[in-house]
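>>> here you go, sequence then predicted model.
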Amino acid sequence: MSTTTVLDVDEDDESVDQKEYMSIIGSLLYLTATRPDIHFEYGVQGSFAYHFLFPCSTMPRAPSYGVRRRNRTLKRNAAHQKGLSCLQKATTVFRMLTYGVPVDATDEYVRIGESTTLKSLRRFVKVVIDVFEDEYLRTPNDNDTARLLALGEERGFPGMLGSLDCMHWRWKNCLSAYQGQYSGHYHTPTIILEAVASHDLWIWHAFFGLPGSLNDINVLHRSPLFAKLSNGEAPQVNYNINGHNYSMGYYLADGIYPSWATLVKTILEP
């Protein structure tokens, strides 16, 4: 069948059962899914029958794409003005943050413009900062330090401020020019995240963005984690271990880290 073929209604032909006819068309479409030419022919016949042979059918008729698109996109906000729905805006934001796709890649799927997507992303990030800044996006104060020390002492580590480690986040859409710089022992482009977390998963330090070709030691040398300690502005910590008094907290780390006084590594054979 040609793509320009036009079908007409045969007024002299005998009538057929509409449900049976549409059921046959649907079955043929399913059977010919691997044959695009035959699949197209039966699709044209089914569309013609649905709109012209049975126009007054009691079968449920779906609205056209344009009507469905308008009903789906134009919603009234709190100011009773029509615009894009909040579900569309949230979907585009999560697709960009999750899959790392560019702005214009969400237009075909969600039917939303580039400027609106960027505005929604900025508002989402701003809300996240406003909600979680006071608890997560800051350095520990005196009360937080006391709570961390209490948690560490409760678990048998007096003076511990948290666990320090690095992890590699895969950069799926890394540019070809940067792949060598961001590829390390994972043999794929990654971005390193250095974090300090407590026992209750409170991450109060996050240093993100260094290339994956670095290791934990290189990241530590560039990290601002010990900036206050080097400037003499670290919080006061006092604890006693085996009769010795200490005034500087420490972090639990794995064996790759250097032997610093602020880092306590695992002991293979205690």
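Cool, got the structure.

>>> which parts of the protein are helices?
18-31, 36-48, 65-73, 86-99, 107-110, 114-132, 142-154, 179-182, 216-222, 227-230 (DSSP state H).

>>> could you list the low-pLDDT ranges of the stretch 1-150 of the chain?
In the predicted model of the stretch 1-150 of the chain, residues 1-19, 21-75, 77 satisfy pLDDT under 70.

>>> would you tell me which strand is longest in the protein?
Counting by DSSP state E, the longest strand found in the chain is strand 160-170.

>>> for that strand, name the packing helices and strands.
helix 142-154, strand 190-197, strand 203-211, helix 216-222, strand 250-253 (3 or more C-beta pairs under 8 Å, 6 or more residues apart in numbering; DSSP states H and E). Just so you know, the C-beta spots here come from the backbone N, C-alpha and C atoms, and that holds for glycine as well.

>>> nearest to Glu20 among these would be which one?
strand 190-197 (58.4 Å; C-beta to C-beta).

>>> and Gly159, what is it in contact with?
Applying C-beta atoms under 8 Å, 6 or more residues apart in numbering, we find Gly159 in contact with Leu149, Gly152, Glu153, Val237, Tyr239, Ile241, Tyr246, Met248, Gly249, Tyr250.

>>> just put those residues in JSON lines and tack on neighbour count and distance to Glu135.
Output for the contacts of Gly159, formatted as JSON lines (neighbours: other C-beta atoms under 10 Å; distance: C-beta to C-beta, whole Å):
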{"residue": "Leu149", "neighbour count": "20", "distance to Glu135": "18"}
{"residue": "Gly152", "neighbour count": "22", "distance to Glu135": "19"}
{"residue": "Glu153", "neighbour count": "13", "distance to Glu135": "22"}
{"residue": "Val237", "neighbour count": "18", "distance to Glu135": "22"}
{"residue": "Tyr239", "neighbour count": "18", "distance to Glu135": "25"}
{"residue": "Ile241", "neighbour count": "10", "distance to Glu135": "30"}
{"residue": "Tyr246", "neighbour count": "14", "distance to Glu135": "28"}
{"residue": "Met248", "neighbour count": "15", "distance to Glu135": "25"}
{"residue": "Gly249", "neighbour count": "22", "distance to Glu135": "20"}
{"residue": "Tyr250", "neighbour count": "21", "distance to Glu135": "24"}
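
>>> any chance of those residues in JSON lines with distance to Leu118 as columns?
Below are the contacts of Gly159 laid out as JSON lines (distance: C-beta to C-beta, whole Å):
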{"residue": "Leu149", "distance to Leu118": "43"}
{"residue": "Gly152", "distance to Leu118": "43"}
{"residue": "Glu153", "distance to Leu118": "48"}
{"residue": "Val237", "distance to Leu118": "44"}
{"residue": "Tyr239", "distance to Leu118": "49"}
{"residue": "Ile241", "distance to Leu118": "53"}
{"residue": "Tyr246", "distance to Leu118": "50"}
{"residue": "Met248", "distance to Leu118": "45"}
{"residue": "Gly249", "distance to Leu118": "42"}
{"residue": "Tyr250", "distance to Leu118": "43"}
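
>>> out of these, which is nearest to Ser183?
Tyr250 (32.8 Å).

>>> that closest one and Val264 touch, don't they?
Yes. Using C-beta atoms under 8 Å, Tyr250 is in contact with Val264, at 4.9 Å.

>>> identify the contacts common to these two.
With C-beta under 8 Å, 6+ apart, Tyr250 and Val264 have common neighbours Met160.

>>> Tyr109 and Thr92, how far apart?
9 Å (C-beta to C-beta, to the nearest Å).

>>> just want the most central residue of the protein.
Thr98 (2.3 Å; C-alpha atoms, centre = their mean).

>>> who's in contact with it?
Per C-beta under 8 Å, 6+ apart, neighbours of Thr98: none.

>>> could you check how far it is from Tyr250?
36 Å.

>>> what do you get for His221?
In terms of C-beta to C-beta, His221 sits 18 Å off from Tyr250.

>>> next one: Asp107
Taking C-beta to C-beta, one finds Asp107 at 51 Å from Tyr250.

>>> buried stuff in stretch 98-105?
Going by neighbour count (16 or more other C-beta atoms under 10 Å), the buried part of stretch 98-105 is Val103, Ala105.

>>> start and end of that stretch, how far apart?
Across stretch 98-105, the terminal residues are separated by 13 Å (C-alpha to C-alpha, to the nearest Å).
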